[in-house]
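Asks: only geometry, no sequence info:
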């Protein structure tokens, strides 16, 4: 199955603070906040949500189509993605802007303070899915992940008009989009990905309660950090899957992207939602135990071993025939 992954492509600047942000924040003075944190480590890594998801899918043996906008400084990063099996033939390259940049500091509690420079990503609104669809010979699913907000809306509108199944993953852009835009984005999605906070924010901003959202989308996938995830559908019982572990927690950046990569890979293989979530949690455990969103590695035996340890022999046996098959 051919999947397209639309969204941000960025360079990540990852810093570590040996302390707790909470110790330096005074709740009643937040309107006057002016703080700085002395960091002890800086890692410059490849990132961006769409690129992270596509990389994770490629690690599992797929060849996802990456859709987004980058700058002329993207050549080395593009070579990396291509070497790992990501289809980069359909990227828009800006003549005037650099590739987006994500700057984040993580404290001892795994809390994060981040900034994001959109750069070339702001031109993603000029991307039309139709020509890509024609060139790749059809798409089974389009993931619309955080991107230029106008690009996200354009992609969801085009998916509906073309009858293309799509998954909505508004994530960080929920904070910037108003209720009307969020409704336009998610309405008709086959899947809606959020974490538990974003699930509540989606309901608050759209004015739709949980029941109405399930009338608008096929399935909600809600991640809950250390508490695993839930898959909620209108006509099926809720599925709860525990987080894969235990693992050494190094950096949480990109953990949600790893989950989506595994979940979508399972969908592409025709697996059940439970297996998809177990795959996603297993991939995310690798991301959590490394610095950088695309620095993790595993071979088939190691991945199946972790999947077996966390979710049982039946899970590993069902996944084994698919894992890495298309590499």
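Replies: Good, I have the coordinates. Everything numeric in this text was worked out from a predicted model, so none of it was measured. Residues are numbered from 1 along each chain as shown.
Asks: can you give me the helices for the stretch 151-300 of the chain?
Replies: 179-186, 196-206, 210-216, 255-268, 273-288, 300-311 (DSSP state H, counting those that start in this stretch).
Asks: dump those helices into a markdown table; add mean neighbour count, mean pLDDT and distance to residue 68 as well.
Replies: Any C-beta I mention is one placed from the backbone N, CA and C, and that applies to glycine too. Converted to a markdown table, those look like this (neighbours: other C-beta atoms under 10 Å; pLDDT from 0 to 100; distance: least, C-beta to C-beta, whole Å):
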| stretch | mean neighbour count | mean pLDDT | distance to residue 68 |
| --- | --- | --- | --- |
| helix 179-186 | 19 | 97 | 16 |
| helix 196-206 | 17 | 96 | 21 |
| helix 210-216 | 14 | 95 | 26 |
| helix 255-268 | 27 | 97 | 13 |
| helix 273-288 | 25 | 97 | 20 |
| helix 300-311 | 18 | 96 | 27 |
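Asks: closest to residue 241 out of the ones you listed?
Replies: Across the helices of the stretch 151-300 of the chain, residue 241 has its closest neighbour in helix 273-288 (4.0 Å, C-beta to C-beta).
Asks: follow-up on the earlier one: could the helices of the stretch 151-300 of the chain go into TSV alongside distance to residue 101?
Replies: Formatted as TSV, those follow (distance: least, C-beta to C-beta, whole Å):
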stretch	distance to residue 101
helix 179-186	24
helix 196-206	23
helix 210-216	33
helix 255-268	17
helix 273-288	20
helix 300-311	31
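Asks: who wins for proximity to residue 322 among those?
Replies: Across the helices of the stretch 151-300 of the chain, residue 322 has its closest neighbour in helix 255-268 (8.0 Å, C-beta to C-beta).
Asks: the closest one vs helix 196-206, what angle?
Replies: 80 degrees (axes from the mean of the first three to the mean of the last three C-alpha atoms, to 10 degrees).
Asks: list the helices and strands helix 255-268 packs on?
Replies: Here helix 255-268 touches strand 3-6, helix 49-59, strand 141-144, strand 191-195, strand 219-223, helix 273-288, going by 3 or more C-beta pairs under 8 Å, 6 or more residues apart in numbering; DSSP states H and E.
Asks: residue 102: which of the helices of the stretch 151-300 of the chain is closest?
Replies: When the helices of the stretch 151-300 of the chain are compared by C-beta to C-beta, helix 255-268 sits nearest residue 102, at 11.7 Å.
Asks: stretch 89-98: end-to-end distance?
Replies: For stretch 89-98, the first-to-last residue distance is 19 Å (C-alpha to C-alpha, to the nearest Å).
Asks: what residue ranges in the stretch 51-200 of the chain score low on pLDDT?
Replies: Within the stretch 51-200 of the chain, no stretch has pLDDT under 70.
Asks: let's have the helices and strands packed on helix 255-268 in CSV, adding distance to residue 315.
Replies: Output for the helices and strands packed on helix 255-268, formatted as CSV (distance: least, C-beta to C-beta, whole Å):
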stretch, distance to residue 315
strand 3-6, 22
helix 49-59, 18
strand 141-144, 22
strand 191-195, 21
strand 219-223, 18
helix 273-288, 5
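Asks: of all these, which one is nearest residue 246?
Replies: With C-beta to C-beta as the measure, helix 273-288 is the member of the helices and strands packed on helix 255-268 nearest residue 246 (8.9 Å).
Asks: run the angle between the closest one and helix 300-311 for me.
Replies: Using the same axes, to 10 degrees: helix 273-288 against helix 300-311 is 110 degrees.
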